[in-house]
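*Asks:* Sequence first, predicted coordinates after that:
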Number of protein chains: 2
Amino acid sequence: MSTQKTLARLPGFRDFPPEDLALRARLFDAWRRVSRRYGFVEYDGPPLEPLELYTRKSGEEIVEQLYTFEDKGGRQVALRPEMTPSLARVLGERSRAMPKPIRWFSVPQLFRYERHQRGRLREHFQWNVDLVGEDGVEADAEVLAVALDGLREVGLGSEDIRARVSDRRLLAALLKSVGLPEERLEAAYAVIDKIEREPEERILERLSDPEDVGLDDATARRVLEIFDTPTLEGIEERFAQAEGVAERVEEMRRFLGSLHDLGFGDCVDFDLTIVRGLAYYTGIVFEVFDRQGEFRAICGGGRYDDLLDRIGGAGLSAVGFGMGDVVLGELLRERGAVPEYRPEVDFFIVPIGVEQLPLARRVARAQRNRGLSVVYPLRKQSVRKSFSAAASEGAREVLVLGPDEVEQGVALLRDMASGEERNVELARLLEVPEPAGKAPVGEG
Amino acid sequence: MSTQKTLARLPGFRDFPPEDLALRARLFDAWRRVSRRYGFVEYDGPPLEPLELYTRKSGEEIVEQLYTFEDKGGRQVALRPEMTPSLARVLGERSRAMPKPIRWFSVPQLFRYERHQRGRLREHFQWNVDLVGEDGVEADAEVLAVALDGLREVGLGSEDIRARVSDRRLLAALLKSVGLPEERLEAAYAVIDKIEREPEERILERLSDPEDVGLDDATARRVLEIFDTPTLEGIEERFAQAEGVAERVEEMRRFLGSLHDLGFGDCVDFDLTIVRGLAYYTGIVFEVFDRQGEFRAICGGGRYDDLLDRIGGAGLSAVGFGMGDVVLGELLRERGAVPEYRPEVDFFIVPIGVEQLPLARRVARAQRNRGLSVVYPLRKQSVRKSFSAAASEGAREVLVLGPDEVEQGVALLRDMASGEERNVELARLLEVPEPAGKAPVGEG
């Protein structure tokens, strides 16, 4: 019967047949539930935006990585690669009239055209949570708690994951105290971000390279030595005299203390090598990893106090994170935390003959009005075939409408798990409760 | 503080700030709930697809209306303007192994670049419901029932809306019986589709126009006269001798009877002028309108038995519909069926001094673990300011942590609706229930 060869989907894009959509829906539900628990409300923006929104934030280099084109009206447009610029645009328009802090979250699909990366995805969904207009580390702690609670909600607790946290202002104070000039800070962050993944010689080389950070050898070595002291206590002691360090350490303590109060003390580690690659972070930064360290970061975020203003003109401090569905999905599968997909309906109705089909529809109507899911055969078919259909639909119960029983005003109800059978009165099955009717949207 | 002028979003695209997202979420929830009630399962596809997927279905003319471009790999791609081609692609790959019928639904965002239409949207969300692999009118009735139940679920019953239904095969039999040649059928459908919106002379002109349907005057007049008989009974009587009419009338009766059994008899009208503009429908077609006729169609659909095969190679019959969020949203607003947006949290905690902030976080932790939503101030602020924040967050209850009460092991709980106040024991507020922990995704 087939007359066409199948067209493939684009490389890097996913279909979501029901078994994959079920996992996606479970993640989204958990993210939404947890967001609300912390008082965050959902927003969204368009998946297509003016290209300038992204170049304004990240410079022209970003164009390389985007799905970008000229639309039929001659506008340069791009599929959104991240949510923060849209957030900045919307808040630029309306934040003035809003009470602060603003607690907003979103679950956008994001797009990036990455060249030469076979097998890497070009789209993913990302949970974006932002707390805007509040600049203390207590706000930072609240936001990281949302991320950690979101992971716990899908089954990943302190045994599975850990957040590594740092503060760019503390790192800046330390770097300056060993002689790194202020204007080399950003270049140094980019190198320190790689400390874990690259050998020490390579890091030293980059710190000394005049094209890179450009330090003299002694300073480069002193920079690297900072990371020999991994604990907050150690840093406090060793750099007690350095300008600004004591107060940053004190803030980090308040941050960690708040997370402890919020129930996440045992999955948060201070880690000075976490800086986040991106230029715009201004304070606390964090990344969440699986404890075994097998996967890429599950989540990353931090404080960005200048960015909303720079992109959208809303002069507001902010802290937020993004958590993608891809790494998280891989981790959950690997941990066996994804239940097997099974379709499920409450009732499958089996009419013995076509004469019982109208009755099957009337029972379906009544039971659906109660909120139950009901399936029945749409054509004449054998009872055997109906029971097999009931099984593949995942029916909890099968209701058999036989001519003799119907005449006596009953039907046979079979529980598919236990195999138990009993007669139920048709009159009761046919009682139609008042439908949702004129209730307001979603309240029915 | 602002340093940037605001960047506008693209024309024809919407932002969804929380008050708009709330309505969208209510629609989506209702659509999903109702789909499941009828045994449908959710799927999704990529928002970006190969352009050929759409030209294969609709010819090269469609390109005019699409967001289409060449990606960095040299592929011609398009933002999806509709869901059926993606469905056809996915089913082409996997339907062979699936039990039939297949009941799938989706809630995609769709895109169309419409030139010269200021104020018209270029994106919308659409509820797509398809029943695949079952060709009787009972399947058609089941699908239309899903659409009507979806509308009832958001508050639109038989007083508000009506479905106008027809059958292209019945119309074809009638047209042929008055002398319209088979090969002119499609051209005639396109003209009949406009009967309601254009004056009779214009319709006659188009039926006669050799560039359009190209009938002689007498046949054109007879075609138009068909629509003088608006009832099924009238048609049955008048065209009793015409080939194929009696059996199509009988099928229409079974279709309407099934809808009656399913509880929607009073919002379905037979209406021969409904043909749907699109070429690919092959049987029952329907459109749902508001009763006053103020709005465009809320929903349209029908049977398309050849299309899945033509696009994706799955040789399966199908019936389905699409319902957009835009017209429906307008209608609901006009009917006053959209409740006012109010943010809502369960608890707002007011620490009298900063000393109570850690306790506030611990209470928040415990109550969030119970699934409640909790907000507390992230900095030192006056009690007055906290109460005003509690009001703007929509707090149901405010919990006041005062130094004296805390010392006595209690806190003051105020119900914001009634103003009632009572002391509650801190120990109880601090009991942390076992968190969701290792439960599988979404079961926590």
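*Replies:* In hand now; what should we look at?

*Asks:* Only C-alpha atoms from now on, for both contacts and neighbour counts.
*Replies:* OK.

*Asks:* give me the residue from the stretch 251-400 of chain A nearest chain B.
*Replies:* Nearest residue of the stretch 251-400 of chain A to chain B: residue A:373, at 3.6 Å (Cα to the nearest Cα).

*Asks:* Can you get me a residue count around the spatially closest residue to that residue that is not a sequence neighbour?
*Replies:* Once flanking residues are discounted, residue A:373 sits nearest to residue B:37: 3.6 Å by Cα to Cα, 6 or more residues apart in numbering or on different chains. As a burial measure, residue B:37 scores 26 neighbours (other Cα atoms under 10 Å in any protein chain shown).

*Asks:* check contacts around residue B:37.
*Replies:* Residue B:37 is in contact with A:345, A:368, A:371-374, counting by Cα atoms under 8 Å, 6 or more residues apart in numbering or on different chains.

*Asks:* hmm, try it at 7 Å
*Replies:* By Cα atoms under 7 Å, 6 or more residues apart in numbering or on different chains, the contact set of residue B:37 is A:368, A:371-374.

*Asks:* got the contact list for residue A:235?
*Replies:* residue A:229.

*Asks:* measure the closest residue to residue A:342 other than its chain neighbours to residue A:347 for me?
*Replies:* Spatial nearest neighbour of residue A:342, excluding adjacent residues (Cα to Cα, 6+ apart): residue A:394 at 6.8 Å. As judged by Cα to Cα, to the nearest Å, residue A:394 and residue A:347 stand 9 Å apart.

*Asks:* more crowded one of the two?
*Replies:* The residue with more neighbours, out of residue A:394 and residue A:347, is residue A:347; 28 against 18, by other Cα under 10 Å.

*Asks:* who's the more buried one bridged to?
*Replies:* With DSSP bridges as the criterion, residue A:347 is bridged to residue A:374, residue A:397.

*Asks:* Residue A:207: which element?
*Replies:* Here residue A:207 sits within helix A:200-208, counting by DSSP states H and E.

*Asks:* what mean pLDDT does that helix have?
*Replies:* Across helix A:200-208, the average pLDDT comes to 95.

*Asks:* For that helix, buried residues please.
*Replies:* Neighbour-count burial for helix A:200-208 flags A:203-208 (criterion: 16 or more other Cα atoms under 10 Å in any protein chain shown).

*Asks:* what do you get for stretch A:152-161?
*Replies:* Using 16+ other Cα under 10 Å as the test for burial, stretch A:152-161 gives A:152-158, A:160-161.

*Asks:* repeat for stretch A:241-261
*Replies:* For stretch A:241-261, the neighbour count (16+ other Cα under 10 Å) marks A:244-246, A:248-249, A:251-252, A:254-261 as buried.

*Asks:* which stretches of the stretch 101-250 of chain A form strands?
*Replies:* Here the stretch 101-250 of chain A has its strands, by DSSP state E, counting those that start in this stretch, at A:102-106, A:109-111, A:123-132, A:161-167.

*Asks:* Quickly check: the longest one near chain B or not.
*Replies:* To tie it back to what came earlier, the one meant is strand A:123-132. No - between strand A:123-132 and chain B, judged by Cα under 7 Å from any Cα of the partner chain, nothing touches; the nearest distance is 8.7 Å.

*Asks:* which residues sit against that strand?
*Replies:* For strand A:123-132, contacts defined as Cα under 7 Å, 6+ apart pick out A:12-13, A:101-112, A:316-326.

*Asks:* in its sheet, what does that strand sit against?
*Replies:* strand A:102-106 (antiparallel), strand A:109-111 (antiparallel), strand A:318-324 (antiparallel).

*Asks:* Mind putting the ones you listed into CSV with mean neighbour count, distance to residue B:132 and mean pLDDT?
*Replies:* CSV is the format used below for the strands paired with strand A:123-132 (neighbours: other Cα atoms under 10 Å in any protein chain shown; distance: least, Cα to Cα, whole Å; pLDDT from 0 to 100):
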stretch, mean neighbour count, distance to residue B:132, mean pLDDT
strand A:102-106, 23, 33, 98
strand A:109-111, 21, 28, 98
strand A:318-324, 25, 33, 98
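
*Asks:* For residue A:18, which of these is the nearest?
*Replies:* Counting by Cα to Cα, residue A:18 lies closest to strand A:109-111 out of these; the figure is 18.1 Å.

*Asks:* Report the buried residues of the lowest-mean-pLDDT helix or strand in chain A.
*Replies:* Least confident element among the helices and strands of chain A, by mean pLDDT, DSSP states H and E: helix A:52-58 (a mean of 89). Residues of helix A:52-58 classed as buried under the neighbour-count rule (16+ other Cα under 10 Å) are A:52-54, A:57-58.

*Asks:* For the residue positioned nearest the centre of chain A, name its beta-bridge partners.
*Replies:* Residue closest to the average C-alpha location in chain A (Cα atoms, centre = their mean): residue A:127, at 3.0 Å. Here residue A:127 sits in beta bridges with residue A:323, as judged by DSSP bridges.

*Asks:* what do you get for residue A:319?
*Replies:* Beta-bridge partners of residue A:319, counted by DSSP bridges, are residue A:131, residue A:303.

*Asks:* isn't it right up against residue A:307?
*Replies:* No - contact criterion Cα atoms under 7 Å: residue A:319 and residue A:307 do not qualify, at 10.4 Å.

*Asks:* what distance separates the least confident helix or strand of chain A from the centre of its chain?
*Replies:* For helix A:52-58, the separation from the chain centroid amounts to 23 Å (computed by Cα atoms, centre = their mean, to the nearest Å).

*Asks:* Now the element after that helix, going C-ward?
*Replies:* Scanning forward in sequence from helix A:52-58 by DSSP H and E, the next helix or strand is strand A:68-70.

*Asks:* State the mean pLDDT of that next one.
*Replies:* For strand A:68-70, the mean pLDDT works out to 96.

*Asks:* which other helices and strands contact that strand?
*Replies:* When contacts are defined as 3 or more Cα pairs under 7 Å, 6 or more residues apart in numbering or on different chains; DSSP states H and E, strand A:68-70 sits against strand A:76-79.

*Asks:* what about dumping the CA coordinates of the strand it packs on to PDB?
*Replies:* Output of strand A:76-79 as PDB, limited to C-alpha atoms (Å, rounded to 0.1, in the frame of the first residue of the first chain):
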ATOM      1  CA  GLN A  76      17.200  39.200  10.700                       C
ATOM      2  CA  VAL A  77      15.700  36.600  13.000                       C
ATOM      3  CA  ALA A  78      16.900  33.600  15.100                       C
ATOM      4  CA  LEU A  79      15.400  30.600  16.800                       C
END
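
*Asks:* Can it be said to contact chain B?
*Replies:* No - using Cα under 7 Å from any Cα, strand A:76-79 never reaches chain B; the gap is at least 8.4 Å.
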